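Student: build me a model:
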Amino acid sequence: MSHAIGVNTWVWTSPLTDARLAELAPMVRDRGFDVIELPVETPGDWDPGRAATLLEGLGLAASVVLVMGPGRELVEAPPEVVASTQDYLRHVVDVAAEVGSPTIAGPAYSSVGRTWRMSEAEREAAYEQLREGLGPVVEHALGAGVTVAIEPLNRYETSLINTVEQGLDALDGLPEEGVGLALDVYHMNIEERDVAEAIRIAEDRVAHVQVCANDRGAPGADHLNWKGILAALSEVEYRGPLVIESFTAENATIATAASIWRPLAETQDALAFDGLEFLRGLWGK
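Tutor: This next block holds a predicted model:
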């Protein structure tokens, strides 16, 4: 089964603006992508109504990612911080609904880079806090026809949810039709002993998939077992897109947050378009 293939605008720019989207979207469409992934770093960076009109005119679908920067927390945080984070996540849901994205994806639990040691009991208590904090967001998402896709991150970026099994544990009790997992093979390559088997464990909770090489470069320029990964996604009947996510080193903030210390391809265009060619080739296209 072939998938729609997308690319995140972070490959080229951060933060996204209306002007940059107007430049990137036609290029992305013309080079053969089906989906463009739009980060909501700060509400107001770009206009979702304007984006929806642009993408509709191009015949390009959208996916939306949330951003958990400093001060965005749903666990081990003051009530006012949790409330403001819920407001932000509800806003991202509304943006997704407006641009036609079926999901909002990302680590909607704690700010990226925040780590702390936990006993098993403390972890379960944190997961209970997460369920309480995420519940109203999921309810809002259900009303908007959007699924919240929670992304496990590697151990250097969070200590809360690193694996598929932890993600399933954390989400247990929330409505399955409103919340699932966003799987990023970069993080899975670090944390899962068998990426394909982890996908099988996730089963029908796989709501969104992001792809890149094991070093954040172009898919295919790496050691990952892509045929095995795609076979597992087929087994669990994942129907969504495969979205190339990497980052530009030109923005110091995002490059530092994503630990991009060197070029990951000859050019950012090459990272995206070589990855697209590789993924298309896996289906003999």
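
Student: what average pLDDT does the helix or strand containing residue 208 get?
Tutor: If you go by DSSP states H and E, residue 208 is part of strand 206-211. Mean per-residue pLDDT for strand 206-211: 98.

Student: next one: stretch 109-123
Tutor: pLDDT averaged over stretch 109-123 gives 97.

Student: can you classify residue 65 by secondary structure?
Tutor: At residue 65 the chain is in strand, as set by DSSP: H, G, I helix; E, B strand; the rest coil.

Student: now do residue 169
Tutor: Relying on three-state DSSP, one would call residue 169 helix.

Student: ok, so what distance separates it from residue 163?
Tutor: Distance from residue 169 to residue 163, counting by Cβ to Cβ, to the nearest Å: 9 Å. Quick note: C-beta positions are derived from backbone N, CA and C, even for glycine.

Student: and those two? Which one has more around it.
Tutor: residue 163 (18 against 13; other Cβ atoms under 10 Å).

Student: what sits closest to that one if chain neighbours are left out?
Tutor: Distances taken as Cβ to Cβ, 6 or more residues apart in numbering put residue 191 closest to residue 163, at 5.2 Å, once the chain neighbours are dropped.

Student: ok, now residue 189?
Tutor: Once flanking residues are discounted, residue 189 sits nearest to residue 214: 4.7 Å by Cβ to Cβ, 6+ apart.

Student: just residue 168 next, same as before
Tutor: residue 205 (6.4 Å).

Student: quick one: residues contacting the one you found.
Tutor: 167, 168, 171, 176, 180, 181 (Cβ atoms under 8 Å, 6 or more residues apart in numbering).

Student: among the residues you listed, which two are most distant?
Tutor: 167 and 176 (12.8 Å; Cβ to Cβ).

Student: all helices for the chain, in order.
Tutor: For the chain, the helices defined by DSSP state H cover 18-30, 48-58, 79-99, 120-144, 164-171, 185-191, 195-202, 226-235, 252-257, 268-281.

Student: including distance to residue 7, could the ones you listed go into CSV?
Tutor: Below are the helices of the chain laid out as CSV (distance: least, Cβ to Cβ, whole Å):
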stretch, distance to residue 7
helix 18-30, 6
helix 48-58, 13
helix 79-99, 15
helix 120-144, 24
helix 164-171, 24
helix 185-191, 14
helix 195-202, 21
helix 226-235, 17
helix 252-257, 16
helix 268-281, 5
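
Student: any idea which of the ones you listed scores lowest on pLDDT?
Tutor: Across the helices of the chain, helix 252-257 gives the lowest mean pLDDT, at a mean of 78.

Student: show me what counts as buried in that one.
Tutor: Across helix 252-257, burial judged by 16 or more other Cβ atoms under 10 Å covers 254, 257.

Student: check stretch 32-47 too.
Tutor: 33, 34, 35, 36, 37, 38, 39, 40, 41, 45, 46.

Student: touching it from outside, list them.
Tutor: With Cβ under 8 Å, 6+ apart, stretch 32-47 has contacts from 4-10, 14-18, 21, 24-25, 28-29, 51, 55, 60-67, 69, 88, 91-92, 95, 99, 101, 241, 243, 245, 272, 276, 280.

Student: ChimeraX command to pick out the buried ones of these?
Tutor: Applying 16+ other Cβ under 10 Å to the contacts of stretch 32-47, the buried members can be selected in ChimeraX as follows:
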select :5,6,7,8,9,10,14,15,16,21,24,25,28,29,51,55,60,61,62,63,64,65,66,67,88,91,92,95,99,101,241,243,245,272,276
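
Student: more neighbours, residue 167 and residue 176?
Tutor: Shown here are residue 167 and residue 176; by other Cβ under 10 Å, residue 167 has more neighbours (26 against 12).

Student: wait, what's in contact with the more buried one?
Tutor: Applying Cβ under 8 Å, 6+ apart, the residues near residue 167 are 150, 152, 161, 181, 202, 205.

Student: quick check: of these, which lies closest to residue 218?
Tutor: Taking the contacts of residue 167 together and measuring to residue 218 by Cβ to Cβ, the closest member is residue 152, at 22.6 Å.

Student: that closest one and residue 159 touch, don't they?
Tutor: No - counting by Cβ atoms under 8 Å, residue 152 sits too far from residue 159 to count as a contact (11.4 Å).

Student: so between those two, which is more surrounded?
Tutor: residue 152 (28 against 16).

Student: distance of that one from residue 197?
Tutor: From residue 152 over to residue 197 (counting by Cβ to Cβ), the distance is 15 Å.

Student: how about residue 213?
Tutor: For residue 213, the distance to residue 197 - Cβ to Cβ - is 20 Å.
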